[in-house]
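Engineer: Give me a 3D structure for the following:
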Amino acid sequence: MPEQRKPEPSPEGAAPQIVSRERWIAAREQLLAREKQLTRLRDEVTRARAAMPWVRVEQEYVFHGPDGEETLEQLFAGRGQLIVYHFMFDPSWEAGCKSCSFIADHYSGSVAHLAARDVTLVTVSRAPLAKLEAFRARMGWGFKWVSSHGSSFNADYHVSFSDEDKARGEIDYNYGKARYFAPEAPGFSVFARDERGVFHTYSAYARGLDRLITAYHLLDAVPSGRGEASSGYKMGWLRLHDEY
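Structural biologist: Numbers count the residues shown, from 1 in each chain. Now for the predicted structure:
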């Protein structure tokens, strides 16, 4: 009888124990209790997020899109709520960020469903519109993508950085000081409008974007997890979906 090989250690931890079904059920019930705690905490945080105060948007931003020049309020497309995904695409780049592309692969299909709940989702980048349109066509995405080139929108929402920031080696990102890493950074911002005007209600950056990535939630359910420990850096394994 050939010698049985022991399971290889997972990139995210030690080799798993092999147990009886009864012990597996007991372990699963313990984990389920913790998952329920996390679900209740997530619901609590969601309620707190919805109760955040609003701040009026005073700046008259203008964006360049397939429908010509549009203000921030016009991006709502008649709805009461707007989600802006801040997609990393510097004007000098020929292609969009692969990590933002990974995220866009996930939210592209949600646009129609969000619209049914009074929410418009728009992607915004600093690159010129022609580059955005060409890359969107290559990736096969159907969402609206507009350019903020020439406005302070990206800088005001802390997702684009100047040469001065680079020279200093420090940026304001995710509500704190961070090391400069690129001229662009990812994030998403939420806006609302009513008869009083347009308001900023929420923004998230860095690991706050994980909630947008269904593939991560699926990878979190398999034994090897996200497998990023050996990638050199987080998301180092990623490719544009037409490059795998």
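Engineer: now the most centrally placed residue in the chain, what's its secondary structure?
Structural biologist: Centroid check for the chain by Cα atoms, centre = their mean gives residue 209 as the closest residue, at 3.7 Å. Here residue 209 is recorded as helix under DSSP: H, G, I helix; E, B strand; the rest coil.
Engineer: Hmm, it is touching residue 186, no?
Structural biologist: Yes. Counting by Cβ atoms under 8 Å, residue 209 touches residue 186, with 6.0 Å between them. Just so you know, the C-beta spots here come from the backbone N, C-alpha and C atoms, and that holds for glycine as well.
Engineer: can you list the domain ranges for this protein.
Structural biologist: 21-50, 55-214 (automatic domain parsing).
Engineer: right, and the helix or strand after the longest helix seen in the chain?
Structural biologist: Longest helix of the chain, by residue count under DSSP state H: helix 21-50. For helix 21-50, the succeeding helix or strand toward the C-terminus, using DSSP states H and E, is strand 55-56.
Engineer: Adjacent strands (with direction) for that following strand?
Structural biologist: Counting by DSSP bridges, the strands paired with strand 55-56 are strand 197-205 (antiparallel).
Engineer: re the thing from before, shared neighbours of residue 209 and residue 186, anything?
Structural biologist: residue 103 (Cβ atoms under 8 Å, 6 or more residues apart in numbering).
Engineer: circling back to that earlier point, pick the most buried one from the domains of the chain.
Structural biologist: Each of the domains of the chain was scored by mean neighbour count; the highest is domain 55-214, a mean of 17, by mean count of other Cβ atoms under 10 Å.
Engineer: State the distance from residue 203 to residue 185.
Structural biologist: Going from residue 203 to residue 185 by Cβ to Cβ, to the nearest Å gives 12 Å.
Engineer: Identify the contacts common to these two.
Structural biologist: Shared contacts of residue 203 and residue 185, defined by Cβ under 8 Å, 6+ apart, are found at residue 158.
Engineer: neighbouring contacts of the host helix or strand of residue 84?
Structural biologist: Using DSSP H and E, residue 84 sits in strand 81-86. Residues outside strand 81-86 that contact it (Cβ under 8 Å, 6+ apart): 72, 75-76, 100, 103-104, 107, 114, 118-125, 154, 157, 159, 185-193, 212.
Engineer: Tell me the helices and strands packed up against the following helix or strand past that strand.
Structural biologist: Downstream of strand 81-86, the next assigned helix or strand under DSSP H and E is helix 98-107. Under the contact criterion of 3 or more Cβ pairs under 8 Å, 6 or more residues apart in numbering; DSSP states H and E, helix 98-107 touches strand 81-86, helix 129-139, helix 214-219.
Engineer: got the domains of the chain as TSV, with mean pLDDT and distance to residue 234 columns?
Structural biologist: Shown next, in TSV, are these (pLDDT from 0 to 100; distance: least, Cβ to Cβ, whole Å):
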stretch	mean pLDDT	distance to residue 234
domain 21-50	98	21
domain 55-214	97	9
